[in-house]
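Novice: What shape does this take:
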Amino acid sequence: MSEPFNGTFGVEEIDTAVNLDAVIIGVPFEDNSKIYPKGASLAPNKIREISYFFSGQSFSEQNIHSLNVLDLGDLKITRKYDETMSSLAENVSKVLQKNALPIILGGDHSIALGTTKGIIKSQKKIDAVIWLDAHVDLMDAYPEKEKYSRATSCKRIFDLNFFNAENYYFIGCRGHNLGLEEVEMIKTNGMTTIEAQLFSSRDILKEISKIIDRHDSFYVSLDIDVLDPAYAPGVSVPEPGGLSSRELFSILQILANKTKCFEIVEINPNKDFNDLTSMVACKAIFELLDSK
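Specialist: This is a model prediction of the structure:
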């Protein structure tokens, strides 16, 4: 592992750890699909490296330096998807059972299935899913016949029947890169979408606050391509018309107190410009911990 994320302590195990606030877990996994550019597996260590661009100190009375945050390093990745997801699930479960916040650094979005299985394994109650993403990832198979990819990750979670269908909230999604089956699935199951273009026409933060009031706890999955490529150029599937980084941080601030599991995925350092996208990821972590 590179140096641990700024403001954290690098460890090899958390079994003996006590009084934890959060644990960072790197998952440098990406699928073998030929339609997506490679690079997401480089993200965990790049995020750690770029975290030292910041002090971590803010005007908030609480910040990463006042909390007990550990960095568990990266999982050992194998070519077998199931093995990697089992390892992730085991580690997420351990963190949750210690009443700490898992902060997962992907990797591509297919790792979300492992995160969810960890939530289930922990037997901790998490009410709803916040899916911050340009895409809804509800394809049943994409590319053709591929059921475990970044485009199917939320569908695989849905198939576990752990979260109620109406407790899925897709924020920042936008066209024109959706499948008809995804649109129909959202309508049929009463899922909620807050499309990116609405942020310029309504006070969306108030609407998100109403969602938060309906639930006690959230699993927040942040695909960094929820941002407009102007703010996050280093992604594998850029989609114009996204959120600003300031809008993203505002959302994370109001979600923070009820966020019980958090992941950041789809940063591709090979596609980045001046490490801007990794900087956004670092700031997202700092903002979340300032507000908890």
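
Novice: Tell me which stretches of this structure form helices.
Specialist: 43-50, 81-97, 112-122, 153-158, 180-189, 204-213, 245-255, 276-291 (DSSP state H).

Novice: Which secondary structure elements does the fifth one sit against?
Specialist: Meaning helix 180-189. Using 3 or more C-beta pairs under 8 Å, 6 or more residues apart in numbering; DSSP states H and E, no helix or strand is in contact with helix 180-189. C-betas here are computed from N, CA, C, even on glycine.

Novice: buried stuff in that helix?
Specialist: Burial within helix 180-189, assessed by neighbour count using 16 or more other C-beta atoms under 10 Å, is assigned to E182, M185, I186.

Novice: and the closest residue to S209 other than its chain neighbours, what does it touch?
Specialist: Leaving aside its sequence neighbours, S209 sits nearest to I254 (C-beta to C-beta, 6 or more residues apart in numbering; 5.8 Å). Applying C-beta atoms under 8 Å, 6 or more residues apart in numbering, one finds that I254 lies in contact with L205, I208, S209, I212, S291.

Novice: try E3
Specialist: So E3 contacts G10, R48, E49, Y52 (C-beta under 8 Å, 6+ apart).

Novice: again with L198
Specialist: Residues near L198 by C-beta under 8 Å, 6+ apart: I204.

Novice: Can you tell me which of the buried residues of helix 180-189 is closest to A134?
Specialist: A134 lies nearest to E182 out of the buried residues of helix 180-189, by C-beta to C-beta, at 12.5 Å.

Novice: returning to what we had before: among the contacts of I254, find the lowest-pLDDT one for me.
Specialist: Across the set of the contacts of I254, S291 stands lowest in pLDDT, at 85.

Novice: residues contacting that residue?
Specialist: S60, Q62, L252, Q253, I254, A256, N257.

Novice: Sort out which of those residues are buried, if you could.
Specialist: Restricting these to buried positions leaves L252, Q253, A256, with burial counted as 16+ other C-beta under 10 Å.

Novice: Distance check, the nearest residue in space to the second one that is not next to it in sequence against S245.
Specialist: Meaning Q253. Among residues not flanking Q253 along the chain, S291 sits closest, at 4.6 Å (C-beta to C-beta, 6+ apart). The gap separating S291 from S245 is 16 Å, by C-beta to C-beta, to the nearest Å.

Novice: The nearest residue to Y168 once chain neighbours are set aside: neighbouring residues, count only.
Specialist: Leaving aside its sequence neighbours, Y168 sits nearest to M191 (C-beta to C-beta, 6+ apart; 4.4 Å). As a burial measure, M191 scores 21 neighbours (other C-beta atoms under 10 Å).

Novice: neighbouring contacts of stretch 201-220?
Specialist: Applying C-beta under 8 Å, 6+ apart, the external contacts of stretch 201-220 come out as 115-116, 119, 125-130, 132, 163, 167, 169, 171, 192, 194, 198, 250-252, 254-255, 258-263.

Novice: Mind giving me the ChimeraX select for those, buried ones only?
Specialist: In ChimeraX, this line selects whichever of the contacts of stretch 201-220 come out buried by 16+ other C-beta under 10 Å:
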select :115,116,119,126,128,129,130,132,163,167,169,171,192,194,250,251,252,255,258,259,260,261,262,263
